[in-house]
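> I'll drop the sequence and a predicted model, then ask my questions.
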Amino acid sequence: ETGVTQTPRHLVMGMTNKKSLKCEQHLGHNAMYWYKQSAKKPLELMFVYSLEERVENNSVPSRFSPECPNSSHLFLHLHTLQPEDSALYLCASSLGYSNNQPQHFGDGTRLSIL
Amino acid sequence: GQQVMQIPQYQHVQEGEDFTTYCNSSTTLSNIQWYKQRPGGHPVFLIQLVKSGEVKKQKRLTFQFGEAKKNSSLHITATQTTDVGTYFCAQPNTGNQFYFGTGTSLTVIP
């Protein structure tokens, strides 16, 4: 049990589909993150929310749309994805939005685009 | 963007042998974090180093932060099969985020 729960664990979708990834943290943290992990590449930070406000968007294509309705939940809405978007999508949270706080990761969603 | 150099990329060791991975930066760091990701799992925070020359131990794992705070290492003594996984260092950027290294994938041969 990591304290950060992601659903679904696996997702296969066509390029024209719309789906959403969900993340929930039970740690009382104030910052939440979306990362993309592709084979043989470093973890890529996609979005950061602090106290439910987006604070960073690292040049992510608009086909990825985040949503943070409260400090415990984070969504990643997907539409018109490309095959190169196939990857493991990891959600993480930290106590505060700071570069000296440990990040707690969920188990990830393994996304495959057909 | 900032690149985090981590070497080696892969390491195969016989069970019982030692293992070391290195993380280097071109700039002085305020701190550095280490994470471990088991195969099929997610990154798990191991430790954070803050002080120049700091050395911290967790059982068979020894973490070091360089005197100039530009490099760090993780050393595992007498590896076991449970040590298998990818070890990442994470360096802070000028904001409040971390850049993760490419990781060192450790295979332990029984």
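Structure's in. What do you need? Numbers count the residues shown, from 1 in each chain, chains lettered A, B, ... in the order given.

> mind checking the SS state of A:E84?
helix (DSSP: H, G, I helix; E, B strand; the rest coil).

> A:E67 and chain B, how far apart?
20 Å (CB to the nearest CB, to the nearest Å). All C-beta spots, glycine's among them, are computed from the backbone N, C-alpha and C.

> and the strands in chain B, which stretches?
B:5-7, B:10-14, B:19-24, B:32-37, B:43-49, B:55-58, B:61-65, B:71-76, B:85-92, B:98-100, B:104-109 (DSSP state E).

> contact residues of chain B facing chain A?
Residues of chain B found near chain A (CB under 8 Å from any CB of the partner chain) are B:4, B:30-31, B:33, B:41-45, B:48, B:50, B:88, B:92-93, B:95-103.

> picking up where we left off before, weakest of the strands of chain B in terms of mean pLDDT?
Here the strands of chain B differ in mean pLDDT, and the lowest is strand B:98-100 at a mean of 86.

> buried among the residues of chain B next to chain A? Need that as a selection in PyMOL.
To isolate the buried subset of the residues of chain B next to chain A in PyMOL, counting by 16 or more other CB atoms under 10 Å in any protein chain shown, use the following:
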select buried, chain B and resi 4+31+33+42+43+44+45+48+88+92+96+97+98+99+100+101+102+103
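
> so what's the residue most central in space within chain A bridging to?
For chain A, the residue sitting closest to the mean C-alpha position, by CA atoms, centre = their mean, is A:W34 at 2.9 Å. Beta-bridge pairing for A:W34 (DSSP bridges): A:F47, A:C91.

> no further questions, thank you.
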